[in-house]
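J.: okay, here's the prediction I keep looking at, along with the sequence it came from:
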Amino acid sequence: MAHSERQIVQQKSEPVDRNLRAAMRLEELHAAAIEHLRSGQLLKAQSRVKEAFKLDAESAESMHLMAVVDTAAGHADRAIDWASRAIRKDPQPAYLATLGNALASAGRLDEALRVFDKAIQLKPNDAELWRQMGDALIRARRKSEALLCFRRAFELDSGHADAAYKAGHLLHGAGQLAEALAYLNRSIDLQPDIAPTLHTRALVLNGLGRIEEAVADCRRAAKLDPQNPDTLANLGALLRAQGHLEEALSFFDRSLKINPNAGKALVGRASVLSDLGRVEEAMSAYKRSAAVVSEHSRSVWNLALLQMLTGDFKRGLKGMQARWEVPGLPNGYPPLPGPKWLGDGNIAGKTILVCADEGLGDAIQLVRYIPLLAGRGARVILTVQDALRPLFSKIEGVWQCLPGSSGALLPPFDLHCPLSNLPLVFGTRLETIPAAVSYLPQPSRERVQAWESRLGPRARSRVGLVWSGNPEHLNDHNRSMPLRMLSGLLDAKASFVSLQKDVRPNDRAELLARVDIFDAAQHLTDFVETAALISCLDLVITVDTSVAHLSAALGKPTWILLPFMPDYRWLLHREDSPWYPTVRLFRQSERREYGSVIDRVRRDLQSLTDNELDLAQRTGSVR
């Protein structure tokens, strides 16, 4: 080739080489910017993009990357402008997704969703686009649609851990725990050490009753993210549920050190202090919680219960009105027309509807106020649980006693009032509790005689036993016990009768094997039958259940076994009850176990039955 020809070729190739080098350099700058973005170095990423613009001011990818940088930096409006310019040059799905994220950051959610929809139309099998649209839908509070997006993302890419986590998170919020667990398990299989995923799975496991596993997950989450106050507070709550109170307190303290005004941690800490019997500290903690969270109703309610427990009825009864505002607290009071009566004005000649709004035991305890209400000249309609209606219908002052489920069938009335409000209405104080020895109607002679026939001759004292209550009760794990724990009582010279209406599966075999306990369950169809049976007994020994209230309200000697921190009505540090003259209280010590309580009951029962037997022998009487 001649020299002139080589020169011409060289001159032609030099622009090509320069263009190639520029393109390669542009790619290098774009790659560097992306790497800086991944590591959170936004200024470096921005610097690389600016260099890229010097090489090609019209590069769509440079415009796109600048939009990504501005979105990450919180400059949504600038990001929208850059992304829009990139899309005008090259409407790629990735550019549309960046615009969608920028619009969502700016709060322009409807526009963002339209952009994501267009991106998905262009590339319908892109899992990441579905995930990003799901995020935008969450921002728009369209959770059900967001869930569909995360599910679709995971269908397209079974390795998408974030989509699996977010699907699980939304399913947990919707109460679909089993399906939530499946997604969260998959996310953790893919990425084992992500704190939010572990934390969410802990909440799901707790909801499924798998508390040991929940605690393990929450511990891992707290170790991975030790500065997350929500994780620490939830771990405290889980440990409290397990009875690890001191450790629970330490996690609530750690949570509050990070966020001193977190309502959940404040309430949790106060609850643990209450469980520990540190009542004054618990009351102070609830007061702080109520102040921080603007009269937080749960804190006011819990504080009121402690005030009642310490005998401060003046403040406690007033504070207990907060129960109507506590989310999730069982509330059996129906929506009713007309004014709610709070104790004001003259009610003579008026018809007042009183509704049992709490549990069976509460209703038995508080029905004592009905005769006082009728004494003010009111005509009282009482609605109660079906099981109580036959018993309460004969109480003095009850004009009509109706089932609580009657709803629209209620007769006309002038005023309505929750049964639980009557202590407040009557200004009850510790020394003014209406505490008649017996205030329930005595069962009929025929019913009593039927039970006498079933029980047979009175060779010994008859002692009724109740060892467990409603398993749905919030404090049941502390108040109830297995039947086998009562075996030490059965050596006493007495005839034992089970008053247990619903025997738990773990106790069924034990009860069937005990020939020294008469099982009355099949005949206990309502509280009238239970009252008739109690009338045939000499003593009832029971944990804190509705039967304890029934026996005491009938005036029967009743020994109640109480957990270390009892229900408010039993007060603190006393063996008697101002509510029931025939009650004797046996409390757990700080050891929080029933073994020593049963030992005390056994000794006193043996002493009682020995004395009765000795008296019978000396007088020649036969029981």
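T.: Cool, got the structure.
J.: low pLDDT regions in the stretch 251-400 of the chain?
T.: For the stretch 251-400 of the chain, the stretches flagged by pLDDT under 70 are 294-295.
J.: so what's the most centrally placed residue in the chain up against?
T.: By Cα atoms, centre = their mean, the chain has its centre lying nearest to Gly328, at 7.2 Å. Contacts for Gly328 were tallied using Cβ atoms under 8 Å, 6 or more residues apart in numbering; there are none. For the C-beta atoms, the positions are set from N, CA and C on the backbone; glycine is no exception.
J.: that one and Arg48: what is the separation?
T.: Taken as Cβ to Cβ, to the nearest Å, the spacing of Gly328 relative to Arg48 amounts to 53 Å.
J.: and Arg376, by the same measure?
T.: Separation of Arg376 from Arg48 (Cβ to Cβ) stands at 84 Å.
J.: give me the secondary structure label for Met481.
T.: Three-state assignment for Met481 (DSSP: H, G, I helix; E, B strand; the rest coil): coil.
J.: didn't it look like it was pressed against Gly469?
T.: No. Contact criterion Cβ atoms under 8 Å: Met481 and Gly469 do not qualify, at 10.2 Å.
J.: neighbour count for these two, which is higher?
T.: A direct count of neighbours by other Cβ atoms under 10 Å for Met481 and Gly469 places Gly469 higher, at 24 against 19.
J.: pretty sure that one is touching Thr545, no?
T.: Yes. Shown here, Gly469 and Thr545 form a contact pair, counting by Cβ under 8 Å, at 3.9 Å.
J.: what do the two both touch?
T.: Common neighbours of Gly469 and Thr545 are listed as Arg479 (criterion: Cβ under 8 Å, 6+ apart).
J.: the strand or helix carrying Arg454: what's the following helix or strand?
T.: Under the criterion DSSP states H and E, the helix or strand holding Arg454 is helix 445-455. Sequence-wise, the next helix or strand downstream of helix 445-455 (DSSP H and E) is strand 461-466.
J.: quick check: phi and psi at the residue nearest to the centre of the chain.
T.: Per-residue torsions, Gly328: phi 80, psi -10 (degrees, to the nearest 10).
J.: from Trp301, how far off is it?
T.: Gly328 sits 11 Å away from Trp301 when distances are taken as Cβ to Cβ.
J.: quick one on the thing from earlier: got any residues that touch both of Met481 and Gly469?
T.: In contact with both Met481 and Gly469: Val543, using Cβ under 8 Å, 6+ apart.
J.: looking at Arg376 and Arg48, which is more packed in?
T.: A direct count of neighbours by other Cβ under 10 Å for Arg376 and Arg48 places Arg48 higher, at 22 against 16.
J.: setting aside sequence neighbours, what's the nearest residue to that one?
T.: Spatial nearest neighbour of Arg48, chain neighbours left out: Ala33 (4.0 Å); criterion: Cβ to Cβ, 6 or more residues apart in numbering.
J.: where along the stretch 401-550 of the chain do the helices fall?
T.: 422-425, 445-455, 476-479, 505-513, 527-535, 546-553 (DSSP state H, counting those that start in this stretch).
J.: ok, which of those helices comes nearest Lys264?
T.: helix 476-479 (21.2 Å; Cβ to Cβ).
J.: count of residues packed around Asn261?
T.: The criterion is other Cβ under 10 Å. On that basis, Asn261 has 12 neighbouring residues.
J.: where does it land in three-state SS?
T.: Following three-state DSSP, we place Asn261 in the coil state.
J.: relative to Trp559, how far out is Asp538?
T.: 11 Å.
J.: these two - which one has more neighbours?
T.: Using other Cβ under 10 Å as the criterion, Asp538 and Trp559 rank with Trp559 on top: 22 against 18.
J.: pretty sure Pro390 sits against Ala531.
T.: No. Using Cβ under 8 Å, Pro390 and Ala531 do not qualify as a contacting pair, with a distance of 9.6 Å.
J.: between the two, which one's more packed in?
T.: Under the neighbour definition other Cβ under 10 Å, Pro390 and Ala531 were set side by side, and Ala531 has more, 24 against 17.
J.: residues in contact with that one?
T.: Counting by Cβ under 8 Å, 6+ apart, Ala531 touches Leu391, Leu440, Gln442, Pro443, Leu550, Leu554.
J.: quick check, pLDDT for the third one.
T.: Meaning Gln442. Per-residue confidence (pLDDT) for Gln442: 91.
J.: for it, which non-adjacent residue is closest in space?
T.: Ser535 (6.9 Å).
J.: list the contacts of Arg25.
T.: For Arg25, the set of contacting residues under the criterion of Cβ under 8 Å, 6+ apart consists of Leu55.
J.: and it, how far is that from Glu51?
T.: With distances taken as Cβ to Cβ, Arg25 is found 9 Å from Glu51.
J.: also Asp610?
T.: Applying Cβ to Cβ, the value for Asp610 to Glu51 is 99 Å.
J.: okay, the two: which has more neighbours?
T.: Glu51 (16 against 12).
J.: elements contacting the helix or strand where the more buried one lies?
T.: Using DSSP H and E, Glu51 sits within helix 42-55. Here helix 42-55 touches helix 3-38, helix 60-73, going by 3 or more Cβ pairs under 8 Å, 6 or more residues apart in numbering; DSSP states H and E.
J.: quick check: domain ranges of the protein?
T.: With domains defined by automatic domain parsing, the chain comprises 226-329, 351-432, 445-619.
J.: any low-confidence regions in this structure?
T.: Applying pLDDT under 70 to the chain picks out residues 1-17, 294-295, 405-408, 612-623.
J.: can you pull out the strands in the stretch 251-400 of the chain?
T.: If DSSP state E, counting those that start in this stretch is used as the criterion, the strands of the stretch 251-400 of the chain fall at 351-355, 379-384, 398-403.
J.: turn those strands into JSON lines, columns for mean neighbour count and distance to Arg315.
T.: Shown next, in JSON lines, are those (neighbours: other Cβ atoms under 10 Å; distance: least, Cβ to Cβ, whole Å):
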{"stretch": "strand 351-355", "mean neighbour count": "22", "distance to Arg315": "24"}
{"stretch": "strand 379-384", "mean neighbour count": "24", "distance to Arg315": "28"}
{"stretch": "strand 398-403", "mean neighbour count": "17", "distance to Arg315": "31"}
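J.: state the distance from the closest residue to Pro443 other than its chain neighbours to Pro390.
T.: If the residues on either side of it in the chain are set aside, Pro443 comes closest to Ala532, at 3.8 Å by Cβ to Cβ, 6+ apart. In this structure, Ala532 and Pro390 are 11 Å apart, going by Cβ to Cβ.
J.: residues in contact with Met133?
T.: Gly100, Leu113, Phe116, Asp117, Ala119, Ile120, Cys149.
J.: let me fix that, I meant to ask about His199.
T.: The neighbours of His199, taking Cβ under 8 Å, 6+ apart as the test, are Asp217, Cys218, Ala221, Asn228, Asp230, Thr231, Asn234.
J.: same question, Leu26
T.: Taking Cβ under 8 Å, 6+ apart as the criterion, Leu26 is in contact with Ala52, Leu55, Asp56, Ser59, Ser62.
J.: check the residues you listed against Leu410 and report the nearest one.
T.: Proximity of the contacts of Leu26 to Leu410 (Cβ to Cβ) peaks at Ser62, which lies at 74.2 Å.
J.: that closest one contacts Asp56, doesn't it?
T.: Yes. Using Cβ under 8 Å, Ser62 is in contact with Asp56, at 6.8 Å.
J.: who has more neighbours, the two?
T.: Ser62 (26 against 15).
J.: please report how far the closest residue to that one other than its chain neighbours lies from Ile34.
T.: Closest residue in space to Ser62, ignoring its immediate chain neighbours: Ala52 at 4.4 Å, by Cβ to Cβ, 6+ apart. Separation of Ala52 from Ile34 (Cβ to Cβ) stands at 11 Å.
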